[in-house]
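**Student:** Could you look at this predicted model? Sequence included:
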Amino acid sequence: MNTDNDTFDEAGDDHFFNSVNNPIREDAFDLSDDQKIELIKKDVASILTTLGMDLTDDSMKGTPNRVAKMFVKELFGGLNPSKKPSSSTFENHYKYGEMLVEKNITVYSTCEHHLLPIVGRAHVAYISSGKVIGLSKMNRIVDHFARRPQVQERLTMQIVKELQHALNTEDVACVIDAKHLCVNSRGIKDIESSTVTSEFGGKFKQEQVRREFLEYIKLDTKF
């Protein structure tokens, strides 16, 4: 007979998700970063001790603190809305009306089901409706939404929605090609497979425009 844990494990292995928004509690930011680090440090120490590790060893003494700082300041820093990059846009004075593509944007994220890395590339494009955005801002938007416990499908959608809002246009597309260590290093242990997700808005839903974008990126990602 399946237990609730079996059901949740199966859903996680299948990368199930049910919202374009990350499941964040209302009180998520009541604690400061330093307070969170202190609490997480204790939890990491408890996990390692339970596994049988000797935390008095010189190599292990600082591990709980290092992991806690990494979680709060780096891997999951994108959870905090105060760290969201500004999406400064400019008037399209030079009247560039064709597709702009920023490809091979590095993606480092973390699978929310197993807390293992997702590593790959994002390819983002938009067609200006009067506004343009700095190229580095596109990279920063990808990085911000990647730095949280994530599902690749959700990440792809969030990037598109954020750029649509910033640029005031539906004509935005994103494709992500990434390796998931929850597939590559555990479970089926398939080290060759990668996952490709896409989200197309506005004109990118038209076959000809979508084909042009996919031809530009050619999914030539190298890992």
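**Tutor:** Looks like it arrived, so ask away. Numbers count the residues shown, from 1 in each chain.
**Student:** Can you tell me which residue is spatially central in this protein?
**Tutor:** residue 146 (2.2 Å; C-alpha atoms, centre = their mean).
**Student:** Hmm, residue 112 and that residue touching each other?
**Tutor:** No: counting by C-beta atoms under 8 Å, residue 146 does not reach residue 112; the two are 11.9 Å apart. Using the backbone N, CA and C atoms, a C-beta is placed for each residue, glycine as well.
**Student:** Quick one: the helices in the protein, in order.
**Tutor:** Counting by DSSP state H, residue ranges of the helices within the chain are 4-13, 33-51, 63-69, 135-146, 152-167, 181-184, 207-217.
**Student:** CSV for those helices, including distance to residue 90 and mean pLDDT?
**Tutor:** Below are these laid out as CSV (distance: least, C-beta to C-beta, whole Å; pLDDT from 0 to 100):
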stretch, distance to residue 90, mean pLDDT
helix 4-13, 42, 57
helix 33-51, 33, 98
helix 63-69, 36, 98
helix 135-146, 10, 96
helix 152-167, 10, 97
helix 181-184, 39, 88
helix 207-217, 22, 95
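**Student:** Dump those into a markdown table; add distance to residue 121 as well.
**Tutor:** As requested, those are exported to a markdown table (distance: least, C-beta to C-beta, whole Å):
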| stretch | distance to residue 121 |
| --- | --- |
| helix 4-13 | 24 |
| helix 33-51 | 29 |
| helix 63-69 | 27 |
| helix 135-146 | 10 |
| helix 152-167 | 12 |
| helix 181-184 | 16 |
| helix 207-217 | 9 |
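**Student:** OK, contacts around the closest residue to the residue nearest to the centre of the chain other than its chain neighbours?
**Tutor:** Using C-beta to C-beta, 6 or more residues apart in numbering and skipping the chain neighbours, the partner closest in space to residue 146 is residue 109 (4.0 Å). Shown in contact with residue 109 (C-beta atoms under 8 Å, 6 or more residues apart in numbering): 117, 118, 119, 146, 147, 148, 150, 152, 155, 178.
**Student:** what does residue 125 give?
**Tutor:** 99, 100, 101, 102, 172, 173, 174, 204, 213, 216.
**Student:** Okay, and the beta partners of it?
**Tutor:** For residue 125, the beta-bridge partners under DSSP bridges are residue 101, residue 173.
**Student:** about what we covered before: tell me which of the helices of the chain sits nearest to residue 128.
**Tutor:** For residue 128, the closest of the helices of the chain is helix 152-167, at 7.1 Å, according to C-beta to C-beta.
**Student:** Contacts for that closest one, please.
**Tutor:** Helix 152-167 has contacts (C-beta under 8 Å, 6+ apart) with 15, 17, 19-20, 22, 87, 89, 107, 109, 118, 122, 124, 126, 128-129, 131-133, 137-138, 141-142, 145-146, 170, 172-176, 178, 180, 195, 197-199, 201.
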